[in-house]
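Novice: sequence plus predicted model, see below.
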Protein chains: 2
Amino acid sequence: MNLKQLSELLGLSQTTISRAINGYPEVNEETRQRVLKAAQETGYRPNRAAQRLATGKAGSIGLVLPTAPEHYSDVHFGEFQSGLAEEALRHDFHFVIMPSHPRDEEQAIRWLVASGSVDGYYLAYMRENDPRIAMAKSLAVPFIVHGRSHGLPLDYPYLDVDNEGAFRDAAELLLRLGHRRFALLNGPEDFDFALRRKLGAMAALREKGLELAPSHMRHTVMTDEFGYRGMAELLELPERPTAVLCASTVLALGAVRAINKAGLKLGEDISLIAHDDVLPLLKPENFTVPLTTTRSSLRAAGIRIAQRLIAAINRTQPQPPEHELWKTDLVIRASTGPAPQ
Amino acid sequence: MNLKQLSELLGLSQTTISRAINGYPEVNEETRQRVLKAAQETGYRPNRAAQRLATGKAGSIGLVLPTAPEHYSDVHFGEFQSGLAEEALRHDFHFVIMPSHPRDEEQAIRWLVASGSVDGYYLAYMRENDPRIAMAKSLAVPFIVHGRSHGLPLDYPYLDVDNEGAFRDAAELLLRLGHRRFALLNGPEDFDFALRRKLGAMAALREKGLELAPSHMRHTVMTDEFGYRGMAELLELPERPTAVLCASTVLALGAVRAINKAGLKLGEDISLIAHDDVLPLLKPENFTVPLTTTRSSLRAAGIRIAQRLIAAINRTQPQPPEHELWKTDLVIRASTGPAPQ
């Protein structure tokens, strides 16, 4: 249903219909109600281009989707997006998503902004010294960073989970349980969240004069298969770890299988703590040996990013960049126990 | 970088730059190359609204994302989208995604089309007698259905997996192995794919004079937890099944845990076949007892839907609706064995 068709249907001019929908006082209330009712029934919505001319807003949030033939779909991204969508729906916002090869993300953001089709956007999959932040600050459209970029001053708006604190807490728990031989199954090394989790674990160990050796770390995409492979390799080491920190419950799934296959008992022979993004797919409390986790909901982060972005879009005055750092919950279950003697 | 800034940077008029980029013969080749080089270096892209005026195309694919606070993020959706994105990137297409409560999807599609911001769109999460198909046929924008809608004539363009054939093949394999007591762990009952899988299994059983009793079926969202719960319930039945068909490897994950917990041996005491969408997250060959599966790549389906949709958008003459039904592979691994005596 377009404006012309609605005009014919109602026997009203296109101008009258536009004015009715936009609340102009020239149109009497009875006509306005009639137009709104017909618009709702027929699914007519004023042309977005026309709306945009009137409000200067597209009603949309932009994002770049890293894409390549060898690029895995990311369950964590989907969960974040579901929170973003929940909040966007409340404000009648939609998304404009630009697929981009990971090496072309800056270009993709420039294009999104230059197209005029987005009112604001967010940056994700942050890396150390990420050049996208300087670029985003130079563009005249609100943005928020999901995560942070290690190495850069914190002068941009962000929402991040305290990844460093999460893995420091996790390592400290294991140290109190008497563990001395640690390993790390982490996400891809170039991502900021993985770097910070590593730094957090290292800081806790350093306080006790311990180290996390490169031989005891794995940085991989976060799938079941890499969790299995990584853990299987760790269990072959001469200095076999008794405590493992794991960056995702999905990695933990494979890791636990490798532990079982080696005939070891989780929570007795070996302890494991995983980061839990609260994926509906896979709950740590339902593992055969329920997993001790550092927990922070990715969906809640998606909701909050959308709230802040939409508020920034609707604001008439700019405000200083807002910073949010979410502490994670350390949830102790059965996968952690005293270090074996 | 907008047109005005690029104009100042190059010392050329905005008109000259637009003409250069759009290949008008009035602009000499040297100037054109200079403009293209600068556009590339600065990330300038002609305003999409202006492009749209010129070509009549937005360069975008629309889709509706079912969204509600209680709505689970769907790993299968993410995998499909990754294929779609891979192909869209090749053609410089982007996505416009409208979040919508599942009950408002028709409205959301009308809005997408009326907004003029999409050149084509696809319908997913199909249901029996889905009213969106009649609506889509009435709108003047190309669309493709991912899946089909049981109960409606096949007069619309679609790409579907042969879900009926997949579960018929799976049930027949188990029948040949001597199984007589079957159960089904299926996706949500109102989805077409789940209905067809049920019908396929039932058809194979009926040929042998067997039935799939309602007590032996579960229709749930496809997460680990529901797989576990469903299987745990099935194992409590007086007529305990020896053969289980499972609509997803994610459901199978929980189902296998329930089997292990009950002290039963997968592939000996109980056989299981899962549908495998080829999710990178979770590979059936890596289960402790590798899973027998019916296999069809969701990512490949995403790529193909994008190819067909972009072809339809670029076509000047309409063509009759194209139908594709993909057979699944039956991959036999260790989770299936002879029925226990």
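Specialist: Looks like it came in fine.

Novice: so which residue is dead centre in chain A?
Specialist: Compute the mean C-alpha point of chain A, and by CA atoms, centre = their mean the closest residue is residue A:80, 4.5 Å away.

Novice: excluding its backbone neighbours, what's nearest the residue of the stretch 201-341 of chain A found nearest chain B?
Specialist: For the stretch 201-341 of chain A, the residue positioned closest to chain B under CB to the nearest CB is residue A:280, at a distance of 4.4 Å. C-betas here are computed from N, CA, C, even on glycine. Nearest in space to residue A:280, with sequence neighbours left out and distances taken as CB to CB, 6 or more residues apart in numbering or on different chains, is residue B:72 at 4.4 Å.

Novice: OK, contacts around the one you found?
Specialist: A:82, A:280-281, B:221, B:223 (CB atoms under 8 Å, 6 or more residues apart in numbering or on different chains).

Novice: and those residues as JSON lines, adding neighbour count?
Specialist: Putting the contacts of residue B:72 into JSON lines (neighbours: other CB atoms under 10 Å in any protein chain shown) gives the following:
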{"residue": "A:82", "neighbour count": "26"}
{"residue": "A:280", "neighbour count": "18"}
{"residue": "A:281", "neighbour count": "24"}
{"residue": "B:221", "neighbour count": "16"}
{"residue": "B:223", "neighbour count": "23"}
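
Novice: among those residues, which ones are in helices?
Specialist: Assigned to helices by DSSP state H, the following of the contacts of residue B:72 qualify: residue A:82.

Novice: residue B:327: which of the contacts of residue B:72 is nearest?
Specialist: Within these, the smallest distance to residue B:327 is 26.4 Å, found for residue B:221 (CB to CB).

Novice: that closest one touches residue B:189, doesn't it?
Specialist: No. No contact is recorded between residue B:221 and residue B:189 when judged using CB atoms under 8 Å, the distance being 11.0 Å.

Novice: which SSE is the residue in the stretch 101-250 of chain A positioned nearest to chain B in?
Specialist: When distances are taken as CB to the nearest CB, the stretch 101-250 of chain A reaches nearest to chain B at residue A:110, 3.3 Å away. When secondary structure is defined using DSSP states H and E, the element that contains residue A:110 is helix A:105-114.

Novice: helices or strands next to that helix in the packing?
Specialist: If contacts are counted by 3 or more CB pairs under 8 Å, 6 or more residues apart in numbering or on different chains; DSSP states H and E, helix A:105-114 sits against strand A:60-66, strand A:94-100, strand A:120-123, helix A:131-138.

Novice: quick one: residue A:265 from residue A:182, how far?
Specialist: In this structure, residue A:265 lies at 18 Å from residue A:182, with CB to CB, to the nearest Å as the measure.

Novice: neighbour count winner among the two?
Specialist: residue A:182 (24 against 12; other CB atoms under 10 Å in any protein chain shown).

Novice: let me know the pLDDT of the more buried one.
Specialist: pLDDT, the model's per-residue confidence, is 98 for residue A:182.

Novice: give the bridge partners for the nearest residue to it once chain neighbours are set aside, please.
Specialist: Excluding its sequence neighbours, the residue lying closest to residue A:182 (CB to CB, 6+ apart) is residue A:243, at 4.9 Å. Listed by DSSP bridges, the beta-bridge partners for residue A:243 are residue A:182, residue A:271.

Novice: what number of residues lie near the nearest residue to residue A:237 once chain neighbours are set aside?
Specialist: By the measure of CB to CB, 6+ apart, the closest residue to residue A:237 outside its immediate chain neighbours is residue A:215, 6.5 Å from it. A count of nearby residues for residue A:215, using other CB under 10 Å, gives 12.
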